[in-house]
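Undergrad: Here is a sequence together with a model predicted from it:
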Amino acid sequence: MIFKKDFIYHIYNQGNNRRDIFFCDENYHYFIQKIKQYILPYSDILAWCLMPNHFHLMVYVNRITMPSQGMTESHPLTNDLLPKERTFNNSIAILLRSYTRAVNIQQGFSGSLFRKDTKGECVNCPGDIFPSWITKQGVTEIIIPNPEKEYPQVCFNYIHQNPVNAKLVLKPEEWDYSSAKFYAGYGKDKLVNREKAEEFIII
């Protein structure tokens, strides 16, 4: 994944061979804590959804790198200690590895819990738009006249509709492990930056 500062990305991954990655409520809550630890330092979260065998994050990237706490290296000439930088990519990988270790111990698994490649698609980068479309009478029609503005809305809605499409609930806000409940006015959300989200989507 190549991230650009000040753009929105849809980050997602699923279990190896589509296996479940969450097995109990504690797993979901633990993963949320990992998101706070490894994703929030780099980005504002606009939407999120954790499904039994995959996850979705819609993030606005604020920084690509930052110093790693407690990790230093010496300057080759002066021997002064310099902070090592951790990239957003590194941080995502650490999140998944640390979560995998915990779940493997809990479930008696071994090996990788997630698919090898985590996807990170830019939803408002010029030239990198993944437009939404419909097909009428064999003709494909783009239904987003201004994709840089409107695809974030499509992505936002898609993420929240996942539990409904999987027939886990009837309405998005009925799923406990998603920001849809917060946007529908039920309780607080410790992950989402609503003010940032409202710059790009209609809530």
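TA: Right, received. Where do you want to start?
Undergrad: Look up which residues are beta-bridged to the most centrally placed residue in the chain.
TA: Central residue of the chain (C-alpha atoms, centre = their mean): Leu57, 2.1 Å from the mean position. On the basis of DSSP bridges, Leu57 is bridged to Ile11, Trp48.
Undergrad: So it sits against His10, correct?
TA: Yes - taking contacts as C-beta atoms under 8 Å, Leu57 lies within contact range of His10: 7.5 Å. C-beta coordinates here come from the backbone N, C-alpha and C atoms, glycine included.
Undergrad: re the thing from before, give me the distance between the residue nearest to the centre of the chain and Asn157.
TA: 15 Å (C-beta to C-beta, to the nearest Å).
Undergrad: Next: Ala93.
TA: For Ala93, the distance to Asn157 - C-beta to C-beta - is 28 Å.
Undergrad: Output the below-cut-off pLDDT ranges for the chain.
TA: 69-83, 127-149 (pLDDT under 70).
Undergrad: For the helix or strand where Val59 lies, name the packing helices and strands.
TA: Using DSSP states H and E, the element containing Val59 is strand 54-61. If you count contacts as 3 or more C-beta pairs under 8 Å, 6 or more residues apart in numbering; DSSP states H and E, strand 54-61 packs onto strand 8-14, strand 43-51, helix 147-165.
Undergrad: And the longest one, what's buried?
TA: When neighbours are counted by 16 or more other C-beta atoms under 10 Å, the buried residues of helix 147-165 are found to be 147-148, 150-156, 158-164.
Undergrad: from those, which single one is nearest Leu191?
TA: Ile159 (12.5 Å; C-beta to C-beta).
Undergrad: Which residues are in contact with Asn89?
TA: Met1, Phe3 (C-beta atoms under 8 Å, 6 or more residues apart in numbering).
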